[in-house]
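In: Got a sequence here, can you build the structure:
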Amino acid sequence: MHPLSNPSESNAGSNGIRAGSPARLAVSPEAVGALPAEFIKRHRVLPLKMGGGTILVATAEPGNQRVIDDIRLLTGLEVEEQTVETAELLEKIAESCQVTVEQMIENLHPDRAATAEGKNLHDIEVMANEPTVINLVNLIISTALRERASDIHMLPFEATLQLRYRIDGLLQEKPPPPKNLHAALVSRIKIMADMNIAERFMPQDGHIQINHRGARVDIRVGTMPTIYGESLVMRLLEKNSRLLTPMELGLDRERSELMTRLVEKPHGLFLATGPTGSGKTTTLYSILQGIYAPEKKIVTIEDPVEYELAGVAQIPVRPTRNFTFANGLRAILRQDPDVIMVGEIRDSETAEIAIRAALTGHQVFSTLHTNDSTGAVTRLVDMGVEAFLISSSLEGVLAQRLLRKICPLCKEESPVAKSVSDKLHAMGARRVEGIFYHGKGCEECRGTGYRGRIGIFELLAIGPELRELILQKRSNVELKAVAQKTMITMHEDAMLKASRGITSLEEILRVSSGDLLE
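Out: So this is what the prediction gives:
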């Protein structure tokens, strides 16, 4: 975060109270260490900096003379108060006073840490319930949530245990926990997820539900055996988080209105396409939220259910019990639905049932793994779906990717580097010139220059000309040539967002790999 500005004496009252900017609190570790952590938490005061015989403290309730006197007594310094909002203050106190994963791992010296090597199952279970292991697991999870991570990866190698968080789509490596705690850490997480700790040679899935700062968080756990032990991934899903509207996801007003017209048709198939992790399911949730009405029965079948939607019947698939997308979809059609969402079309059987449902008076939404919007048509044909069924049922396709957004606190203008322009040109784009933007890195974005993500989209509306080409089984190249007469492509959308300072050209290069420009 940016450091506090140093206001002039005229901005501070006679009682030493400053007006604060809570979003720009900069905390000096030396100042925090001047007061006991218990005192800071109990009185809700946070030392910010020291200098010139004065200590500056942040507080939501300035003017408490008893607290001021105690700080003066403990530090030997005069006290100046900075007024901030309570929520921001508590967040910063929690961040400044708690033990970090790095500190805890540093304290677990390999020579002193207990080891799980060579121990039997009972010994490992005992270790998994020791306070040190419990606290380390809790700290790993809470730190990941605070850093806005979507996934936690724990991967064992011969001599190390790698810990990484996926933040804004990219993995960031963290200080590794002691390798000899690997079995105990995995066992602890398995116990929390109600998994079988005795099974270490087959993949397992589990589920943890926790409360973090008043929000419910669901954690999906998956383990996989490797040559050096079990690797583990935890997917973090905040259930209380608000679903975004299409415009908040990154669609402009014109295409958002077009998509609304497409998804409000009384029947037909609408697809969201893109690679894994491109936000397809989130987009469909946003659409369902927008079309929900009490007079509509909306049913989803998903693997797994990621977010709970009010008023929507959501069904998880259970492959171990032969409850697949295809079987579930057949059962849903007997439940008199108006709107159906199928988490993913993975096979020809599911595709054909979904399309026939769209032809018999249902709104059907689903996802496909394709590089672009017109690729959805050829993908369905490859699955064995008849061209006349696709032509008759498909109403629209939204292809998407996710790009990291430039951090607003450290964004600055940046001329286009020749190497970047050359790479884009080599991939098929026109040469770019002028001023674009990048993030130079700050505390808020942890030096990456990026904070958060936004979607880039191409929205394909199926009109009469395209329906005829689909019926004639034309190639993807021909379909794309016709579609691009009226469609904004993902590359064009990305370049527009870069020119507006939302993302950078380097980020476009990282995500596209040329497929956005084809």
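
In: Below-threshold pLDDT in the stretch 51-200 of the chain: ranges please.
Out: The stretch 51-200 of the chain contains residues with pLDDT under 70 at 98-127.

In: Could you look up the SS state of Gly63?
Out: Counting by DSSP: H, G, I helix; E, B strand; the rest coil, the backbone at Gly63 sits in coil.

In: what about it, how many neighbours?
Out: 13 (other CB atoms under 10 Å). C-beta here means a position set from N, CA and C on the backbone, and glycine is covered the same way.

In: So that it lines up with my notes, have the first residue be 356 from now on.
Out: Yes, from this point I'll number from 356; that puts the last item at Gly418.

In: For Ser703, give me its contacts.
Out: Ser703 makes contact with 738-740, according to CB atoms under 8 Å, 6 or more residues apart in numbering.

In: let's see it at 10 Å
Out: By CB atoms under 10 Å, 6 or more residues apart in numbering, the residues touching Ser703 are 681, 735, 737-740.

In: likewise Tyr640?
Out: Counting by CB under 10 Å, 6+ apart, Tyr640 touches 598-599, 634, 655, 657, 661-664, 667, 696, 720.

In: that's a strand at it, yeah?
Out: No: assigned with three-state DSSP, Tyr640 falls outside any strand and is helix.

In: which stretches of this structure aren't confidently modelled?
Out: Within the chain, the stretches with pLDDT under 70 are 356-380, 453-482, 595, 783, 868-873.

In: repeat that with 50
Out: For the chain, the stretches flagged by pLDDT under 50 are 356-370, 373-378, 464, 466-468.

In: re earlier: out of the contacts of Ser703, grab the one that's most surrounded.
Out: For the contacts of Ser703, neighbours tallied by other CB under 10 Å; top is Leu735, 27 neighbours.

In: Show me the strands in the stretch 456-605 of the chain, by range?
Out: 504-511, 516-522, 525-529, 559-567, 570-581, 584-593 (DSSP state E, counting those that start in this stretch).

In: Can I get those in a markdown table including distance to His537 and mean neighbour count?
Out: Below are the strands of the stretch 456-605 of the chain laid out as a markdown table (distance: least, CB to CB, whole Å; neighbours: other CB atoms under 10 Å):
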| stretch | distance to His537 | mean neighbour count |
| --- | --- | --- |
| strand 504-511 | 5 | 20 |
| strand 516-522 | 5 | 19 |
| strand 525-529 | 15 | 14 |
| strand 559-567 | 16 | 15 |
| strand 570-581 | 11 | 16 |
| strand 584-593 | 6 | 19 |
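
In: With distance to Asp777 as new columns, can those strands be given to me in JSON lines?
Out: Shown next, in JSON lines, are these (distance: least, CB to CB, whole Å):
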{"stretch": "strand 504-511", "distance to Asp777": "33"}
{"stretch": "strand 516-522", "distance to Asp777": "30"}
{"stretch": "strand 525-529", "distance to Asp777": "24"}
{"stretch": "strand 559-567", "distance to Asp777": "45"}
{"stretch": "strand 570-581", "distance to Asp777": "40"}
{"stretch": "strand 584-593", "distance to Asp777": "37"}
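
In: Quick check, central residue of the protein?
Out: Geometric centre of the chain, nearest residue: Ser505, 4.6 Å, by CA atoms, centre = their mean.

In: In contact with it, which residues?
Out: 499, 520-524, 589-593, 632, 808.

In: Mind giving me the ChimeraX command for buried ones among the contacts of Tyr640?
Out: Buried subset of the contacts of Tyr640, written as a ChimeraX selection, criterion 16 or more other CB atoms under 10 Å:
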select :599,634,655,657,661,662,664,667,696,720
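
In: Grab the two from the contacts of Ser505 that are most spread out in space.
Out: Distance extremes for the contacts of Ser505: the farthest pair is Met589 and Arg808 at 19.6 Å, using CB to CB.

In: Next up, the contacts around Gly584.
Out: Per CB under 10 Å, 6+ apart, neighbours of Gly584: 471, 509-512, 516, 534, 537-538, 541, 555, 578.

In: Then Met696?
Out: Contacts of Met696 (CB under 10 Å, 6+ apart): 625, 636, 639-640, 642-643, 653-657, 664, 667, 669, 687, 709, 718-722.

In: List the beta-bridge partners for Glu435.
Out: As for beta bridges, Glu435 partners with Leu411 under DSSP bridges.

In: Just give the number of residues close to it.
Out: 18.

In: ok, now how distant is it from Asp777?
Out: Look at Glu435 and Asp777: by CB to CB, to the nearest Å, they are 54 Å apart.
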